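Participant: Have a look at this prediction, sequence included:
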Amino acid sequence: MNAPTSLKTNFKQYLEMTKVKGAPMPAGLQELLLAVADTCNTLSHEVAQGALIGLLGSAGTGNVQGEVQQKLDVIANDLLIEGVQDCKSLAGLASEEMELPLPVQGTGDYLLLFDPLDGSSNIDVNVSIGTIFSVARWPARAFIGSS
Amino acid sequence: MAVADTCNTLSHEVAQGALIGLLGSAGTGNVQGEVQQKLDVIANDLLIEGVQGCTSLAGLASEEMELPLPVQGTGDYLLLFDPLDGSSNIDVNVSIGTIFSVLKKQEPKAPLQTSDFLLSGRHQVAAGYVVYGPQTTMALTLGDGVVMFTLNKVTGEFILIKHAVEISHSTKEFAINMSNMRHWAEPVRRYVEECLAGTSGERDKDFNMRWIASMVADVHRVLSRGGIFMYPWDQREPHKPGKLRLMYEANPMSFLVEQAGGASTNGKELIMDLVPTELHERVSVMLGSKEEIDRLRHYHA
């Protein structure tokens, strides 16, 4: 276990200063993890509003804003895709919610995989849910995606 | 209103967790250089403070305090609460909650006595809980159905999200701490064994199991999609009727469940009919979908 921290280190600062097996973290990976964290921040605020903004229930069960209701896992998926679009080292992503991978830059060092909202059966009963992510290093340089 | 306002404050405190040194047990160190308080103590203090201005509140009793505390001393109402239910879940970031019950004081003008609180659940005029989960949501009954509110954390208002909450009479979901199976009484064991047998047994349907180990979160699920929650008598402590507290947990939850069309029993009697002999009395609890509770009562007969 690490010593207790001062509770003054934010996530961005941690990524900048941390060493992984002695080496600083590559800038592209820092950018990617920060984009994921920023999206999860947004998602946390969305989730906290729940029924107030029509996020609960399955698609098509009615909505407080007069639109077709989206399920929270679809919203989370969309937010994550949007949130990492500018990551320069991200070649592509794959999500539990999508059948096929999605190219981001098409080429680049990393691949992102995520389950945008884990614990679906708990969404409507207000029990802790989560987002799970994984980053893989991508050695190949070819375009990814369909075909 | 005072209870709701306090739960709003508490929701913000809970949301900060370790950031303001709220997690862990007392004495494990603190970031602010003070002696660390446990969240349930903080919640208790916030609730006591929050209702001090209530002019009709004669007194209060809390799961965290041995004796009742006078507020105005005289008045129409008595408040009972479990300030932070689900302690074992605090440090692992799973939904926790506050449970409250309001009793009508039988003699409003007489000075407060402990015996004033010893009324059956039928004397409750209001009861509810606030669950601090992904959302902060309150369930409330005033004896005419159950309503739910979700906290708008920006404005600090609880907004009505559901009325006429109803628990379906039949269910395929049960909640119990299965690790205690060998300690249960025969009727409970029989009931659960039949659930486990599913389509190959007596019940002829498959059941799903859930156990959050946070009564508020488990009851919130029962109110939201049906099911049954059990915390039964256990032979390891044969002289204790159960583990949950009648006044702070079982009564308010039973009031909500009955008002939502469900039922609640200790096996032999309806929990709402039990007349307490002491403030911190414990009770065996089985509550939720009516058909299942009827079956359990039949097994106990």
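Facilitator: Yep, that arrived.
Participant: Which residues of chain B lie near chain A?
Facilitator: Contact residues, chain B versus chain A (C-beta under 8 Å from any C-beta of the partner chain): B:18-19, B:29, B:31, B:93-95, B:131, B:133-137, B:150, B:152-153, B:159, B:161-162, B:212, B:217, B:220-221, B:224-225. For every residue, glycine as well, the C-beta is placed using N, CA and C.
Participant: Buried among those? Need that as a selection in PyMOL.
Facilitator: In PyMOL syntax, the buried subset of those is picked out as below (16 or more other C-beta atoms under 10 Å in any protein chain shown):
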select buried, chain B and resi 94+95+131+133+134+135+136+137+150+152+153+161+162+212+217+220+221+224
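Participant: Contacts for stretch A:37-53, please.
Facilitator: A:11, A:55-56, A:64-65, A:72, A:75-76, A:79-80, A:82-84, A:117, A:126, A:129, A:131, B:134-137, B:150, B:152-153, B:159, B:161-162 (C-beta atoms under 8 Å, 6 or more residues apart in numbering or on different chains).
Participant: how about that stretch: buried residues?
Facilitator: For stretch A:37-53, a neighbour-count test (16+ other C-beta under 10 Å) marks A:37, A:39-40, A:43, A:47-52 as buried.
Participant: In these, find the pair that's most separated.
Facilitator: By the measure C-beta to C-beta, A:Ala37 and A:Ala51 form the most distant pair in the buried residues of stretch A:37-53, at 26.0 Å.
Participant: Helices - which of the buried residues of stretch A:37-53 land there?
Facilitator: Among the buried residues of stretch A:37-53, the members found in helices (DSSP state H) are A:37, A:39-40, A:43, A:47-49.
Participant: Which of the buried residues of stretch A:37-53 sits closest to B:Ser11?
Facilitator: Once C-beta to C-beta is applied, the member of the buried residues of stretch A:37-53 that ends up nearest B:Ser11 is A:Ala48, at 9.6 Å.
Participant: If you average pLDDT per helix and strand, which one of the chain comes out bottom?
Facilitator: Chain wasn't specified; assuming chain A. Among the helices and strands of chain A, helix A:120-123 carries the lowest confidence by mean pLDDT, DSSP states H and E, at a mean of 80.
Participant: Now find how far off-centre that helix is within its chain.
Facilitator: Its chain's C-alpha centre and that of helix A:120-123 lie 18 Å apart, by C-alpha atoms, centre = their mean, to the nearest Å.
Participant: right, and the helix or strand after it?
Facilitator: Once the chain leaves helix A:120-123, the next helix or strand it forms, by DSSP states H and E, is strand A:130-137.
Participant: ok, back up a step: show me the contacts of stretch A:37-53 that map onto helices.
Facilitator: Per DSSP H, the subset of the contacts of stretch A:37-53 in helices is A:11, A:72, A:75-76, A:79-80, A:82-83.
Participant: as a whole number, average confidence for stretch B:169-187?
Facilitator: The average pLDDT within stretch B:169-187 is 97.
Participant: no wait, stretch B:239-252
Facilitator: Stretch B:239-252 comes out at a mean pLDDT of 96.
Participant: again with stretch B:127-136
Facilitator: On average, stretch B:127-136 scores 94.
Participant: where does chain B have low pLDDT?
Facilitator: B:18-37 (pLDDT under 70).
Participant: what do you get for chain A?
Facilitator: A:1-5, A:58-70, A:140-147.
Participant: which bits of it sit near chain B?
Facilitator: Contact residues, chain A versus chain B (C-beta under 8 Å from any C-beta): A:4, A:6-7, A:47-52, A:123-129.
Participant: Could you work out the most separated pair of those?
Facilitator: Taking C-beta to C-beta as the measure, these span a maximum distance of 38.8 Å, between A:Ser6 and A:Asp124.
Participant: Give me the more crowded residue out of those two.
Facilitator: A:Asp124 (17 against 6; other C-beta atoms under 10 Å in any protein chain shown).
Participant: Chain neighbours aside, what residue packs nearest to that one?
Facilitator: Closest residue in space to A:Asp124, ignoring its immediate chain neighbours: A:Leu56 at 5.2 Å, by C-beta to C-beta, 6 or more residues apart in numbering or on different chains.
Participant: what do you get for A:Leu34?
Facilitator: Leaving out its chain neighbours, the residue that sits closest to A:Leu34 by C-beta to C-beta, 6+ apart is A:Lys12, at 5.8 Å.
Participant: Who does B:Asn208 form a beta bridge with?
Facilitator: Beta bridges link B:Asn208 to B:Glu173 when assigned by DSSP bridges.
Participant: who touches it in this structure?
Facilitator: Counting by C-beta under 8 Å, 6+ apart, B:Asn208 touches B:172-174.
Participant: right, and out of these, which lies closest to chain A?
Facilitator: Of all those, chain A sits closest to B:Glu173, with 10.2 Å by C-beta to the nearest C-beta.
Participant: Of the ones in helices among the contacts of stretch A:37-53 - the most surrounded one?
Facilitator: For the ones in helices among the contacts of stretch A:37-53, neighbours tallied by other C-beta under 10 Å; top is A:Ala76, 28 neighbours.
Participant: What distance do you get for that residue to chain B?
Facilitator: In this view, A:Ala76 and chain B are 12 Å apart by C-beta to the nearest C-beta, to the nearest Å.
Participant: how near is that residue to A:Val104?
Facilitator: 17 Å (C-beta to C-beta, to the nearest Å).
Participant: Check A:Met25 too.
Facilitator: Counting by C-beta to C-beta, the gap from A:Met25 to A:Val104 is 19 Å.
Participant: repeat for B:Thr141
Facilitator: From B:Thr141 to A:Val104 the distance is 50 Å (C-beta to C-beta).
Participant: Of the two, give the one with the bigger neighbour count.
Facilitator: A:Val104 (24 against 21).
Participant: Can you list the residue ranges for strands in the stretch 151-300 of chain B?
Facilitator: Under the criterion DSSP state E, counting those that start in this stretch, the stretch 151-300 of chain B contains strands at B:157-162, B:173-175, B:208-209, B:228-231, B:244-245, B:263-265, B:282-283, B:285-288.
Participant: most packed of those?
Facilitator: Greatest average neighbour count among the strands of the stretch 151-300 of chain B goes to strand B:285-288 (a mean of 28), per mean count of other C-beta atoms under 10 Å in any protein chain shown.
Participant: In the least confident helix or strand of chain A, which residues are buried?
Facilitator: A:122-123.
Participant: Tell me the helices and strands packed up against that helix.
Facilitator: Contact here means 3 or more C-beta pairs under 8 Å, 6 or more residues apart in numbering or on different chains; DSSP states H and E; on that basis helix A:120-123 packs against helix A:72-83.
Participant: Around the residue nearest to B:Gly262 when sequence neighbours are not counted, how many other residues sit close by?
Facilitator: The shortest distance from B:Gly262 to any non-neighbouring residue, by C-beta to C-beta, 6+ apart, is to B:Ile167 (3.9 Å). When neighbours are defined as other C-beta under 10 Å, B:Ile167 has 25 of them.
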